[in-house]
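J.: need a 3D model of the following:
(one chain, ligands or ions: 3)
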Amino acid sequence: MFTRRCIWVNGPVIVGAGPSGLAVGACLKNRGVPFVVLERADCIASLWQKRTYDRLKLHLPKQFCQLPYFPFPDDFPEYPTKYQFINYLESYAKHFDINPNFNETVQSAKYDETFGLWRVKTISASSLIPVEIEYICRWLAVATGENAEKVVPEFEGLTDFGGRVAHACDYKSGKSYCGERVLVVGCGNSGMEVSLDLCNHNAKPLMVVRSLVHVLPREVFGKSTFEFAVSMMKWLPLWLVDKMLLIFAYLILGNTEKYGLKRPCLGPLELKNTAGKTPVLDIGALRKIKSGKIKIVPGIKKFSRGKVELLNGQTLEIDSVILATGYRSNVPSWLKENELFSNDGVPKNPFPNGWKGSGGLYAVGFTRRGLSGASLDAISVAHDIANVWKDETKQTKKSFAARHRRCISHF
Ligand SMILES: Cc1cc2nc3c(=O)[nH]c(=O)nc-3n(C[C@H](O)[C@H](O)[C@H](O)COP(=O)(O)OP(=O)(O)OC[C@H]3O[C@@H](n4cnc5c(N)ncnc54)[C@H](O)[C@@H]3O)c2cc1C
Ligand SMILES: NC(=O)C1=CN([C@@H]2O[C@H](COP(=O)(O)OP(=O)(O)OC[C@H]3O[C@@H](n4cnc5c(N)ncnc54)[C@H](OP(=O)(O)O)[C@@H]3O)[C@@H](O)[C@H]2O)C=CC1
Ligand SMILES: O=C(O)C(=O)Cc1c[nH]c2ccccc12
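T.: Ligands and ions are numbered 1, 2, ... in the order given. Predicted structure coming up:
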């Protein structure tokens, strides 16, 4: 049973209260534009609060991770812990007085051509009886993130496996895996860091590497690799910066291919830009791979009770499986639109041209450039909305009320 409500918003509706949603909210506050933030979870930054492991730290230096108009505290380390980052985001929301509507999942959003307005339908689970709400607004800012849903591939026989199977987003610590042989599927930053954490808790990780991967040292000669790349890109073409990164990686890490980690032909930054594949920034997993504490294994053929059969024909006994197989956007499941967003749920136009659609639609945080990309989007989006909002609110309140009434009676 549902009760129904309809709400007019005199400003944008922002979907998602992660760093992107908070950043665009803060930028709008600075310009005096009212808004509503809708969040499916019961807290801000749910990815960071609920779907990350305990020992996670930001892997880019802090100056690339702070949001607009509110710097990190001076005493933050170069790589803040997830708890420090969450505290910062809580202070951010408080500082800008952003109060999202929690436990409210957007089910659909559709542009109403007749009225030139967005109709955003949600289900709110805050009270005992779920409430269906329709928000009506001129602007819609999508901030649901590139990591909204976990990717769980299908594997033959996995249902017969019998042991514990978890996605990396549900992994907290290696403590409960102590002594176990754990198959970690995937070798992105999650797979590498989960494997390292398992090692540190005396578990025995076997990491599946089915294709090619760039592993870079997090620092080159005491300076962040990412920072070095960003400064070099001001002067040099991307391919040349990539070549330099690969030379440094070779000098510092050696030939990773020797350990089963073959590099793609495209350089790490070019691959990030074209395919969105993030290079691994190594924080110690490679040392464990070299010493044999993390074992690299090829792709999976199938599972059976307590066992995995690999593509090279080898069968291994394992106790548990962790799927570090990545994430995807959920935009196609609720946004009825196909101009700004592709079927994959990310903007069709690459950075820096993917933040604006038509009819007052915006995307924040889909640049494949992490938190710094989200901040840039937020500034552009708020600037754009604020200009139109000011013009439109100059119209008499009467005309707004009339539009609002007509639109609601239509509903
Ligand atoms: C483990 C991990 C570590 C990372 N580390 C870094 C790093 O060090 N540096 C960096 O720059 N980037 C990092 N990233 C990238 C990451 O994408 C950003 O840090 C950041 O979280 C993106 O913010 P966002 O607000 O766009 O998305 P999210 O943080 O995912 O927030 C989106 C919000 O939208 C909500 N939502 C989704 N669908 C709906 C719906 N239908 N209705 C209502 N609400 C909805 C979600 O509940 C969520 O709270 C990391 C990512 C992961 C997975
Ligand atoms: N410290 C930090 O700040 C951290 C940051 N992150 C960030 O979070 C985001 C997500 O990272 P992550 O979770 O690692 O996801 P990724 O998408 O980066 O990696 C997914 C991995 O899973 C593999 N995979 C997928 N399907 C299969 C399959 N069927 N069989 C075998 N392997 C498979 C992929 O292999 P293939 O390449 O062959 O498709 C790839 O190695 C990234 O942007 C990352 O940088 C994550 C962890 C820590
Ligand atoms: O951590 C992530 O997922 C990011 O997207 C951050 C990021 C943006 N550009 C990069 C280039 C190399 C490594 C990480 C990133």
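J.: shaky segments in this structure?
T.: Applying pLDDT under 70 to the predicted model, the residue ranges of the chain that meet it are 1-2, 394-411.
J.: ok, the residue nearest the centre of it - contacts?
T.: Ranked by distance to the mean C-alpha position of the chain (C-alpha atoms, centre = their mean), the top residue is N147 at 3.7 Å. Listed by C-beta atoms under 8 Å, 6 or more residues apart in numbering, the contact partners of N147 are 47, 327-328. For every residue, glycine as well, the C-beta is placed using N, CA and C.
J.: ranking those by neighbours, who comes first?
T.: When neighbours are counted as other C-beta atoms under 10 Å, the busiest of these turns out to be Y327, with 19 neighbours.
J.: so what pairs up with that residue in the strands?
T.: In this structure, Y327 bridges to K150 when assessed by DSSP bridges.
J.: my read is that it contacts V152, right?
T.: No: with contact taken as C-beta atoms under 8 Å, Y327 and V152 are classed as non-touching, separated by 10.4 Å.
J.: mind checking if the host helix or strand of K272 is in reach of ligand 1?
T.: Following DSSP states H and E, the helix or strand that holds K272 is helix 268-275. No: taking C-beta under 6 Å from any ligand atom as the criterion, helix 268-275 and ligand 1 are apart, separated by no less than 11.9 Å.
J.: which elements pack onto that helix?
T.: Other elements packing on helix 268-275 under the criterion 3 or more C-beta pairs under 8 Å, 6 or more residues apart in numbering; DSSP states H and E are helix 238-253.
J.: send me the helix it packs on as CSV with only the CA atoms.
T.: Once non-C-alpha atoms are left out, helix 238-253 reads as follows in CSV (Å, rounded to 0.1, in the frame of the first residue of the first chain):
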residue,chain,number,x,y,z
LEU,A,238,49.5,12.7,-23.0
TRP,A,239,51.4,9.9,-24.8
LEU,A,240,54.7,11.4,-23.7
VAL,A,241,53.6,11.7,-20.1
ASP,A,242,52.5,8.0,-20.3
LYS,A,243,55.9,7.0,-21.6
MET,A,244,57.6,8.8,-18.7
LEU,A,245,55.2,7.1,-16.2
LEU,A,246,56.0,3.7,-17.7
ILE,A,247,59.8,4.4,-17.4
PHE,A,248,59.4,5.4,-13.8
ALA,A,249,57.2,2.4,-13.1
TYR,A,250,59.9,0.2,-14.6
LEU,A,251,62.6,1.8,-12.5
ILE,A,252,60.6,1.5,-9.3
LEU,A,253,58.5,-1.6,-9.7
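J.: mind giving me the packing neighbours of it?
T.: With contacts defined as 3+ C-beta pairs under 8 Å, 6+ apart, the secondary structure elements packing on helix 238-253 are strand 215-217, helix 225-232, helix 268-275.
J.: of the ones you listed, which stretch is the most buried?
T.: When those are scored by mean count of other C-beta atoms under 10 Å, the highest mean neighbour count falls to strand 215-217 (a mean of 20).
J.: what does it rub up against?
T.: Outside strand 215-217, the residues touching it (C-beta under 8 Å, 6+ apart) are 192, 225, 245, 248-249, 252-253, 256, 261, 268, 279-282, 286.
J.: direction included, what does that strand pair against?
T.: When sheet partners are counted by DSSP bridges, strand 215-217 sits next to strand 280-282 (parallel).
J.: report whether the helix or strand following the strand it pairs with contacts ligand 2.
T.: Along the chain past strand 280-282, the next helix or strand (assigned with DSSP H and E) turns out to be helix 285-290. No: contact between helix 285-290 and ligand 2 is absent, the nearest approach being 10.8 Å (criterion: C-beta under 6 Å from any ligand atom).
J.: stretch 343-357 too?
T.: No: contact between stretch 343-357 and ligand 2, assessed by C-beta under 6 Å from any ligand atom, is absent, since the two come no nearer than 12.6 Å.
J.: buried residues, that stretch. List them.
T.: 345-347, 354-357 (16 or more other C-beta atoms under 10 Å).
J.: ok, now stretch 194-207?
T.: The neighbour-count criterion (16+ other C-beta under 10 Å) identifies 194-199, 203-207 as the buried residues of stretch 194-207.
J.: what distance do you get for S231 to K50?
T.: For S231, the distance to K50 equals 35 Å [C-beta to C-beta, to the nearest Å].
J.: number of nearby residues for G11?
T.: By other C-beta under 10 Å, the residues close to G11 number 19.
J.: hmm, it is touching V33, no?
T.: Yes: with contact defined as C-beta under 8 Å, G11 and V33 form a contacting pair (5.1 Å).
J.: hey, what's in contact with both of the two?
T.: Applying C-beta under 8 Å, 6+ apart, one finds that G11 and V33 are jointly contacted by 385, 389.
J.: hang on, the residue nearest to the centre of the chain in a helix?
T.: No: if the criterion is DSSP: H, G, I helix; E, B strand; the rest coil, then N147 is coil and not within a helix.
J.: and it, backbone torsions?
T.: Here the main-chain torsion angles of N147 (degrees, to the nearest 10) amount to phi -120, psi 30.
J.: check L140 too.
T.: Phi and psi for L140, reported as degrees, to the nearest 10, are phi -130, psi 120.
J.: and it, bridged to which residues?
T.: Beta-bridge partners for L140, by DSSP bridges, are V13, L361.
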